[in-house]
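*Asks:* Test case, fold it:
(2 chains)
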Amino acid sequence: MGLGLLASRALRPAASRLLRDPPRHGLARAIGSTPERQSPEASAAQAQPDPAPELPPRKPVAGARVHLPNPEDAIEVFVDGYPVKIPKGMTVLQACEVAGVDIPRFCYHNRLSIAGNCRMCLVEVEKSPKPVASCAMPALPGMKIKTDTPIAKKAREGVMEFLLMNHPLDCPICDQGGECDLQDQSMAFGSDRGRFTEVKRSVVDKNLGPLVKTVMTRCIQCTRCVRFATEIAGVQDLGVLGRGSGEEIGTYVEKLMTSELSGNVIDICPVGALTSKPFAFKARNWELKGTETIDVTDAVGSNIRIDSRGPEVLRILPRLNEDINEEWISDKTRFCYDGLKRQRLNDPMIRGADGRFQAVSWHDALAMVGEVIHKVAPEEIVGVAGKLSDAESMMALKDFLNRMGSNNVMCEGNGKHPNADLRSGYIMNTGIAGLEKADVFLLVGTQPRVEAAMVNARIRKTVRATHAKVGYIGPPTDFNYDHEHLGTGPQTLTELAEGRHPFCSTLKNAKNPAIIVGAGLFEREDSDAIFSAIETIAKNGNVVRPDWNGYNVLLLHAAQAAALDLGLVPQSPDSIKSAKFVYLMGADDINLKDIPDDAFVVYQGHHGDQSVYRANVILPASAFSEKEGTYENTEGCVQQTLPAVPTVGDARDDWKIVRALSEVAGVQLPYDSVGGIRSRIWTVAPNLVSVDEREPTTISTTTVRPNTNQKISPNDFGTAVENFYMTDAITRASKIMAQCSAMLLKK
Amino acid sequence: MEKTIKLPPVKVRFRSNRKHPVQKARPSTLAQNPVRRGGVSACGLLSALLGKKLKLRLRASERDFDSVSSGVGGEKGGGEVATEPAMAFTLRSVKVPPNSASLEEARHRVFDFFRAACRSIPTVMDIYNLDDVVTKSHLRSAISAEIRKNLHVTNPKVIDMLLFKGMEELNNIREHAKQRHHIIGQYVVGNHGLVQDLGAKEKDMSDFLKSFYKSNYF
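*Replies:* Reported below is the predicted structural model:
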């Protein structure tokens, strides 16, 4: 809630009322003790004869639209005399929002349960003896709500005074300063003087781990963080202790907050009690430049805002996207940014005869690569795109190597036999938001909590709301919702496929069953057999219907979906073992032992990570925060990153490097601009060009996937992500992520 | 040598602009410095005896260089360096000579300047540690290239002004008022940067590749 908005809200109605009704008692109604205040009925009675005011129709707050499921359930209430139609069950506060009145609040948050304990949202309701807390009061038909009467204002002012009574006056050294709800609302609704002269209370700070800094004296006990932890994050770590002036938020015992979503309590805390530890005392929010971009540390593609000052990324905040991440992001997304400043490659380098790298000019580096690539046979050239690659660079790499005569271009994480022919076989067909409609989940070889924390939050939301059943096949793992561990490996899968397992009946009886398959299974030798077993289960359980597609693959990396869309499929699966020239485009997680010793390895990327040790030439590229790139997330939604900060050193954008190299190597690619390369992408995968849109699949794999004669191996499913906090080059370079994995990982 | 080394003149001009108020203040600052009087009087004498100036002035300026090259802690200026204000420090050995009477005289002065600059090359290479990056002859040709850049100037007044700026730059260099990378950047590498060996290949490069070598942003 912006200060300007609040201030204008506080001022405007007062002015209009002064113009509208003539002074009834000969004196203007000021905030103070007047007879009406003593008896609200009197004022209500007096307000009755007011003629219907000609209010201009107001728009709902933030342009929200009211969806009336069935019109007969709609009720009409009057907010400041303006009639609004709302569905039954809405609260008074929501009704006011529909009417375009933003009620000040601290404890109310529309994604959390209602607590009603801050009392800031008090409004006057006709025929009610006292002001009511609008966030907790359901709106009733014909209710006359008044939001800017003296009673409401006096009530807010009083609440504000009580809140500020024990709030320290340390705004100048508070990290929340400038984006603090308490600061804004005390400016808009608070009194201009205080009467409090006693000693303020103080509270001992709690240690919540390396991510969240606490200054508990600033806490106003709104309990948003407690409700977030129990409801959304699903950890019972935070709670309210004590009563009255001894009330405190804290962990019951000396314990860190071990949730993968813990960073979100920083955002929901209306004051500076919970702030970001890595961001502490780094910057003020008004110094920062916000860039609306997306996250690439997992396959969800959470919408984020990168706040930067000059060339430095200072923090990452979530952006609202109801279809993907709602308004939360995982800790990895939020705190990986310090990895962008460490271990960066900033100059092209060539490994000399002595085994040491020497910085050279781009001209020399490209000339060397261009020379070497012509000395090897085309089939000995292999290209591997990394897990953070954008679609543009993967397109350029594929085009370049194809022009060199090689068709061995792959993307790490997609396995040896990726099935790129049927799009429904590798994306989340239900969609992340669509999971909320499911009533039975079958998780196969996936640990969504570490693989895609936002998808896991969505499953948890569904389980909490509808008590959906969750069955899980895979190694024992940590879930934050009720689940049934069906088995650890393919054996259980076979039982399910053959209908011998008790969970089959649950699947059959479900209205909207959803099967979620982990992309870690792509790496298995028997992946085809396993996927056909899963499809048998899907067929038996009627998972794929015209109105519901519950067959989902949960990918692991940001590049995977786009790579499969672009057809980055190696011609021969083991080509890397006989390669003489390997082009690694940010690929750090391939098995480097597979590369023959005499192979010439080019590493193009932004971090000096694992593959650099094997590289002969390093071509420095820009990270996701520095370039404009297209990424497709696991549900097939195409989004773009935008450059927030300039590139480091002499680095270049990925696709530009490949394009320049192609010219040096004598096979010039026909595009010179992002527009050019996107139109090339359009000819290969048109869905990658329509940004911010989710292209659903048309054909289901369950009907057309070819039969396989592979045998399912009895080996149990593995864990795809060993360490949630360190999965790629950026997060492995991050100090904060290293601290997290040292302190927070469950041993 | 097709690609001559170009010295961006911006910095020098900026410095000479800044000098102006100091020049006006010179009599007073120098009056406080009895040791420096000799220099002033020599200069004043020169301006008075404009007719037979050349040799005498050359000697005066040479002596000046010597005093500088003998080091900041030399016996002449040793005591005052610490007490003198910073602005005056860089100015100490720069004087405004009287205008050249003719083009011929200006021409002579240019040669004098070139000689003076060439003589200071060993000192410069010494104090900036340039022995492993450049040769004396390269620096000499860099100086002559800088001078040749103004080949077209025929106005003696303009030549005088350029000479002043050159002298100022030279003094700054000799006084170690610059750092190693300034010298390397301006006179050793030149402003074409590190991309040196493009040569003939550049012609058949696409615009994309040319701008790719320059920067990421195009």
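
*Asks:* nearest spatial neighbour of residue A:83, skipping sequence neighbours?
*Replies:* residue A:76 (5.5 Å; CB to CB, 6 or more residues apart in numbering or on different chains). To be clear about C-beta, it is placed using only N, CA and C from the backbone, and glycine gets the same treatment.

*Asks:* do the same with residue A:201
*Replies:* residue A:166 (4.9 Å).

*Asks:* Now do the same contact list for that neighbour.
*Replies:* Going by CB atoms under 8 Å, 6 or more residues apart in numbering or on different chains, residue A:166 touches A:200-201, A:217, A:245.

*Asks:* Low-confidence stretches in the chain?
*Replies:* Just so you know, I chose chain A. A:1-57, A:701-704, A:746-747 (pLDDT under 70).

*Asks:* switch to chain B, that's the one I care about
*Replies:* Ranges of chain B meeting pLDDT under 70: B:1-95, B:191-203.

*Asks:* in the helix ranked longest in chain B, what counts as buried?
*Replies:* The longest helix of chain B (DSSP state H) is helix B:103-127. Buried residues in helix B:103-127, defined by neighbour count with 16 or more other CB atoms under 10 Å in any protein chain shown: B:105-106, B:109-110, B:112-114, B:116-117, B:120-121, B:123-125, B:127.

*Asks:* Return the closest of the residues you listed with respect to chain A.
*Replies:* Using CB to the nearest CB, residue B:125 comes nearest to chain A of these, at 25.1 Å.

*Asks:* out of the contacts of residue A:166, who has the most neighbours?
*Replies:* residue A:217 (17 neighbours; other CB atoms under 10 Å in any protein chain shown).

*Asks:* For stretch A:259-278, measure first residue to last.
*Replies:* One end of stretch A:259-278 to the other measures 17 Å (CA to CA, to the nearest Å).

*Asks:* Equivalent analysis for stretch A:659-676, please.
*Replies:* 11 Å.

*Asks:* Tell me the buried residues in it?
*Replies:* A:659-665, A:667-669, A:671-672, A:674, A:676.

*Asks:* Please compute how far it lies from its chain's middle.
*Replies:* 35 Å (CA atoms, centre = their mean, to the nearest Å).

*Asks:* Tell me the secondary structure of residue 157, please.
*Replies:* Going with chain A. helix (DSSP: H, G, I helix; E, B strand; the rest coil).

*Asks:* Actually, chain B is the one I wanted.
*Replies:* Strictly by three-state DSSP, residue B:157 counts as helix.

*Asks:* now the angle between helix B:103-127 and the very next helix or strand once past the longest helix of chain B, please.
*Replies:* Counting by DSSP states H and E, the element after helix B:103-127 in chain order, helix or strand, is helix B:136-148. Counting by axes from the mean of the first three to the mean of the last three CA atoms, to 10 degrees, helix B:136-148 points 140 degrees away from the direction of helix B:103-127.

*Asks:* Put the alpha carbons of helix B:136-148 into PDB.
*Replies:* Taking C-alpha atoms only, helix B:136-148 is exported to PDB below (Å, rounded to 0.1, in the frame of the first residue of the first chain):
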ATOM      1  CA  LYS B 136      62.700   3.800 -26.600                       C
ATOM      2  CA  SER B 137      62.200   4.100 -30.300                       C
ATOM      3  CA  HIS B 138      58.600   3.200 -30.000                       C
ATOM      4  CA  LEU B 139      58.100   6.000 -27.500                       C
ATOM      5  CA  ARG B 140      60.000   8.400 -29.700                       C
ATOM      6  CA  SER B 141      57.800   7.600 -32.600                       C
ATOM      7  CA  ALA B 142      54.800   8.000 -30.300                       C
ATOM      8  CA  ILE B 143      55.900  11.500 -29.500                       C
ATOM      9  CA  SER B 144      56.600  12.400 -33.100                       C
ATOM     10  CA  ALA B 145      53.200  10.900 -34.000                       C
ATOM     11  CA  GLU B 146      51.600  13.100 -31.400                       C
ATOM     12  CA  ILE B 147      53.300  16.200 -32.900                       C
ATOM     13  CA  ARG B 148      52.600  15.200 -36.500                       C
END
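
*Asks:* Show me which parts of that helix are buried, residue by residue.
*Replies:* B:139, B:141-143, B:145-147.

*Asks:* Looking at the contacts of residue A:166, which is nearest chain B?
*Replies:* Nearest member of those to chain B, counting by CB to the nearest CB, is residue A:217, at 47.1 Å.

*Asks:* Show me the domain layout of chain A.
*Replies:* The record's domain split for chain A, according to automatic domain parsing, is A:3-165, A:171-281.

*Asks:* Just say which of these is most tucked in.
*Replies:* Greatest average neighbour count among the domains of chain A goes to domain A:171-281 (a mean of 18), per mean count of other CB atoms under 10 Å in any protein chain shown.

*Asks:* Residue A:462 contacts residue A:433, doesn't it?
*Replies:* No. Counting by CB atoms under 8 Å, residue A:462 stays clear of residue A:433, with 10.4 Å between them.

*Asks:* Correct me if wrong, but residue A:382 is in a strand.
*Replies:* Yes. When three-state DSSP is applied, residue A:382 is found to be in a strand.

*Asks:* Disregarding residues adjacent in the polypeptide, which is nearest to residue A:424?
*Replies:* Per CB to CB, 6+ apart, closest to residue A:424 is residue A:697, 3.7 Å.

*Asks:* I'd assumed residue A:495 was in a strand, is it?
*Replies:* No. According to three-state DSSP, residue A:495 belongs to no strand; its state is helix.

*Asks:* nearest spatial neighbour of it, skipping sequence neighbours?
*Replies:* residue A:501 (4.2 Å).

*Asks:* and that neighbour, backbone torsions?
*Replies:* phi -100, psi 140 (degrees, to the nearest 10).

*Asks:* Assess the claim that it and residue A:492 are in contact.
*Replies:* Yes. Using CB under 8 Å, residue A:501 is in contact with residue A:492, at 6.7 Å.

*Asks:* Overlap of the contact sets of these two?
*Replies:* With CB under 8 Å, 6+ apart as the test, residue A:501 and residue A:492 both reach residue A:486.

*Asks:* now the end-to-end length of stretch A:215-230.
*Replies:* 21 Å.

*Asks:* can I assume residue A:332 is in contact with residue A:723?
*Replies:* No. Using CB under 8 Å, residue A:332 makes no contact with residue A:723, being 10.0 Å away.

*Asks:* which one of these two has more residues nearby?
*Replies:* Neighbours were tallied for residue A:332 and for residue A:723 using other CB under 10 Å; the higher tally belongs to residue A:332 (26 against 15).

*Asks:* Tell me how many other residues crowd the nearest residue to the more buried one once chain neighbours are set aside.
*Replies:* Using CB to CB, 6+ apart and skipping residues adjacent in sequence, the residue nearest residue A:332 is residue A:297, 5.1 Å away. Neighbour count for residue A:297, taken as other CB under 10 Å: 29.

*Asks:* would you say residue A:297 is within a strand?
*Replies:* No. Going by three-state DSSP, the assignment for residue A:297 is coil, not a strand.

*Asks:* so who does it touch?
*Replies:* A:330, A:332-333, A:336, A:558, A:727-728, A:730-731.

*Asks:* try 10 Å
*Replies:* A:304, A:316, A:329-330, A:332-334, A:336, A:339, A:387-388, A:453, A:557-558, A:624, A:725, A:727-728, A:730-731, A:734, A:737 (CB atoms under 10 Å, 6 or more residues apart in numbering or on different chains).

*Asks:* taking these one by one, which sit in strands?
*Replies:* Applying DSSP state E to the contacts of residue A:297, the entries found in strands are A:304, A:316.

*Asks:* Hmm, residue A:232 and residue A:464 touching each other?
*Replies:* Yes. At 8.9 Å, residue A:464 counts as touching residue A:232 under the criterion of CB atoms under 10 Å.
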